[in-house]
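sequence and predicted model, in that order:
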Amino acid sequence: MGNFQKDISIRNEAVPTRPTFGILIETYGCQMNVYDTQAIFGLLDPSHFSAQEDELAADVILLNTCSVRDHAEHKIFSRIGEIRHRRREAGLPYPVIGICGCMAERLGKNLRKGVNPVDLVVGVDNYDSLPGLLHDILDEVGSLPRAVTGHRADTHYVAPPALYPTNNSHLVTIHKGCDYRCTYCIVPATRGPQREKDPEAILREIRKIVAAGGREVTLLGQNVSAYHWQKELDFAALLEQVAAEPGLERIRFLTGHPRDMFPHLMDTIGQLEKVCPWLHLPIQSGSNRILRRMKRLYTRDDYLGMIEYARRVIPEVSFSTDFIVGFPGETPTEFQDTLEILRAVKYDQVFSFKYSERPGVPAARLEDDVQEQEKKDRLAELIAVQKEIWEREASGFIGQIWTAVVESPARRPKGAWRLRTANNRKVVISGMELEVGDSVSVRITGHQNTTFLGDAI
Ligand code: SF4
């Protein structure tokens with residue numbers, strides 16, 4: 001016994017004590033990055049790294065970036081300069097700054113050069129190298145390459161169940177990358193070809209979330225509707241397996257490609273009670289010629305037919321979408337075709353953007369011939385038309401009774417709660433003691449933009 005005690009003390013003395021470093025990870029872009037940020041935290045040894053929210057106190061700042069638009073990348077370059085400026089002003093040493101995500105993949109080691117070079121660059125399939133790289137930098141070993149990028153087909157990260165999940169829904173990526181070649185899109189280059197996560201691994205991840213108290217998941221991917229595990233199990237079959245998990249109450253998913261929204265998938269969504277009736281289906285344009293130029297692989301009639309079918313088989317279904325205005329060659333008449341789609345579908349939410357050329361994508365070879373002012377005007381018109389449509393739609397919901405789940409305290413008014421319906425409508429109610437996760441019947445009394453106001457009944 002005596003020897004055993006001695007052994008332990010000798011071993012303890014021999015372990016070098018490493019300080020705890022504060023790490024701040026800022027997440028930009030899509031939900032895939034939100035998930036990856038959780039996965040990165042899961043990879044770091046908590047006895048050496050603790051989450052830090054103050055940029056002046058962090059030893060390491062990682063920017064988990066997006067490359068979808070030019071503007072998103074510019075924001076990152078100014079952010080790097082801003083972090084260093086604030087540290088200088090405060091008389092503090094610079095933190096270790098690293099770039100993760102799509103920009104890391106697109107620009108690689110070039111991010112280590114230029115006016116504001118960063119200390120490390122880690123692409124989307126290489127986050128498991130982060131602990132070693134950070135050790136190499138923080139302990140001043142300096143033996144590893146500081147830019148690690150490139151796709152690894154079988155690498156899938158698993159984020160630990162989040163303490164504070166997004167919208168009370170735990171994100172679970174089910175695949176990565178994309179096999180489509182939409183001509184404006186940088187994702188196939190930054191995220192690589194589509195590779196599915198093993199359904200068993202997905203179910204294990206969901207069981208852990210449920211065991212940790214989670215009741216809702218959002219299945220994530222660039223194109224979840226194209227999920228196909230070894231030609232045996234498609235997305236509809238995966239939804240059936242996930243819905244069979246005891247303890248799980250709600251399933252959402254993001255994003256589906258309209259081309260893969262086959263009738264049998266929509267039938268399954270309509271039949272499975274746990275699957276929320278909300279479809280985010282990016283159409284991008286209402287003009288067939290522009291859709292062909294974008295290589296979206298459906299026509300406006302295919303899309304409208306799919307919406308009509310979904311309305312028939314999915315009770316209470318709601319829709320949201322994305323539009324790109326001012327795509328190369330888009331004429332004023334073709335833009336009007338896009339506005340017609342808004343009027344026909346009556347979306348709950350629309351995310352619209354001006355076309356932004358990305359280097360290296362096929363659309364970059366097309367002449368970007370819609371003038372900047374014209375793009376701005378079209379965007380403003382689209383937003384105004386959607387607002388008008390939504391005002392009419394939303395007013396029609398007043399007096400209805402909905403079931404909604406509490407997500408978080410609302411920012412305003414004080415003491416109010418923010419809830420979400422299964423079909424993704426936000427509702428704010430006050431005057432009640434509630435808890436996150438409670439399900440409440442609400443009478444709708446009004447709305448402000450896309451948020452409804454209501455009273456619990
Ligand atoms: S479906 Fe098209 S827009 Fe979506 S990620 Fe793939 S290439 Fe990009």
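Received the coordinates, thanks.

what lines up beside the strand or helix carrying residue 406 in the sheet?
Element membership of residue 406, judged by DSSP states H and E, is strand 401-409. Strand 401-409 has the following strand partners under DSSP bridges: strand 417-421 (antiparallel), strand 439-448 (antiparallel).

so residue 69 makes contact with residue 353?
Yes: the pair residue 69 / residue 353 is scored as a contact, 6.8 Å apart, by C-beta atoms under 8 Å. All C-beta atoms are positioned from the backbone trio N, CA, C, and that covers glycine.

where does the closest residue to the ligand within the stretch 301-450 of the chain sit: helix, strand or coil?
Ranked by C-beta to the nearest ligand atom, the top residue of the stretch 301-450 of the chain for proximity to the ligand is residue 322, at 8.6 Å. Three-state secondary structure (criterion: DSSP: H, G, I helix; E, B strand; the rest coil) places residue 322 in strand.

who's in contact with it?
When contacts are counted by C-beta atoms under 8 Å, 6 or more residues apart in numbering, residue 322 touches 282, 283, 284, 350, 351, 352, 353.

can you check residue 34 too?
So residue 34 contacts 27, 166, 171 (C-beta under 8 Å, 6+ apart).

could you measure the second one against residue 107, distance?
In this case it means residue 166. Taking C-beta to C-beta, to the nearest Å as the measure, residue 166 falls 27 Å from residue 107.

residues from this structure in reach of the ligand?
For the chain, the residues in contact with the ligand (C-beta under 6 Å from any ligand atom) are 178, 180, 182, 185, 187, 188, 222, 223, 257.

export the residues you listed to a markdown table and tack on pLDDT?
What follows is these, written out as a markdown table (pLDDT from 0 to 100):
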| residue | pLDDT |
| --- | --- |
| 178 | 95 |
| 180 | 95 |
| 182 | 96 |
| 185 | 94 |
| 187 | 92 |
| 188 | 92 |
| 222 | 94 |
| 223 | 94 |
| 257 | 95 |
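
please enumerate the strands of the stretch 101-250 of the chain.
Ranges of strands in the stretch 101-250 of the chain, per DSSP state E, counting those that start in this stretch, are 120-122, 147-148, 170-173, 175-176, 195-196, 216-220, 228-229, 233-234, 250-254.

right, and residue 35 touches residue 171 too?
Yes: judged on C-beta under 8 Å, residue 35 makes contact with residue 171 at a distance of 4.4 Å.

overlap of the contact sets of these two?
By C-beta under 8 Å, 6+ apart, the residues touching both residue 35 and residue 171 are 159, 220.

how about the strands of the stretch 101-250 of the chain, which one is nearest residue 242?
Comparison of these against residue 242 by C-beta to C-beta identifies strand 250-254 as nearest, at 5.7 Å.

which residue packs closest to residue 419, ignoring adjacent ones?
Of all residues not flanking residue 419 in the chain, residue 404 sits nearest, at 3.7 Å (C-beta to C-beta, 6 or more residues apart in numbering).

how many residues are close by that neighbour?
A total of 26 residues lie near residue 404 under the criterion other C-beta atoms under 10 Å.

tell me where the model's unsure across the chain.
The chain contains residues with pLDDT under 70 at 1-18.

how about 80 then?
For the chain, applying pLDDT under 80 flags the ranges 1-19, 163-167.

and the helices in it?
Here the chain has its helices, by DSSP state H, at 2-14, 31-43, 70-89, 102-107, 130-138, 187-191, 199-211, 235-243, 263-271, 288-294, 300-313, 332-345, 372-395.

can you redo those helices as JSON lines with distance to residue 441?
Below are those laid out as JSON lines (distance: least, C-beta to C-beta, whole Å):
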{"stretch": "helix 2-14", "distance to residue 441": "58"}
{"stretch": "helix 31-43", "distance to residue 441": "29"}
{"stretch": "helix 70-89", "distance to residue 441": "40"}
{"stretch": "helix 102-107", "distance to residue 441": "42"}
{"stretch": "helix 130-138", "distance to residue 441": "46"}
{"stretch": "helix 187-191", "distance to residue 441": "40"}
{"stretch": "helix 199-211", "distance to residue 441": "25"}
{"stretch": "helix 235-243", "distance to residue 441": "24"}
{"stretch": "helix 263-271", "distance to residue 441": "23"}
{"stretch": "helix 288-294", "distance to residue 441": "42"}
{"stretch": "helix 300-313", "distance to residue 441": "24"}
{"stretch": "helix 332-345", "distance to residue 441": "28"}
{"stretch": "helix 372-395", "distance to residue 441": "19"}
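
give me whichever of these is most buried.
Greatest average neighbour count among those goes to helix 102-107 (a mean of 24), per mean count of other C-beta atoms under 10 Å.

enumerate every residue touching residue 395.
Counted by C-beta under 8 Å, 6+ apart, residue 395 has contacts residue 447.

what does residue 38 give?
Taking C-beta under 8 Å, 6+ apart as the test, what residue 38 contacts is 159, 160, 162, 171.

recalculate using a threshold of 7 Å.
159, 160, 162 (C-beta atoms under 7 Å, 6 or more residues apart in numbering).

my guess is the second one contacts residue 42, does it?
It stands for residue 160. Yes: between residue 160 and residue 42 there is a contact under C-beta atoms under 7 Å: 4.3 Å.

on that earlier part again, need the strands of the stretch 101-250 of the chain in TSV with distance to residue 451 and mean neighbour count, can you?
Formatted as TSV, the strands of the stretch 101-250 of the chain follow (distance: least, C-beta to C-beta, whole Å; neighbours: other C-beta atoms under 10 Å):
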stretch	distance to residue 451	mean neighbour count
strand 120-122	37	25
strand 147-148	42	20
strand 170-173	22	24
strand 175-176	32	24
strand 195-196	36	19
strand 216-220	19	24
strand 228-229	37	17
strand 233-234	35	16
strand 250-254	18	22
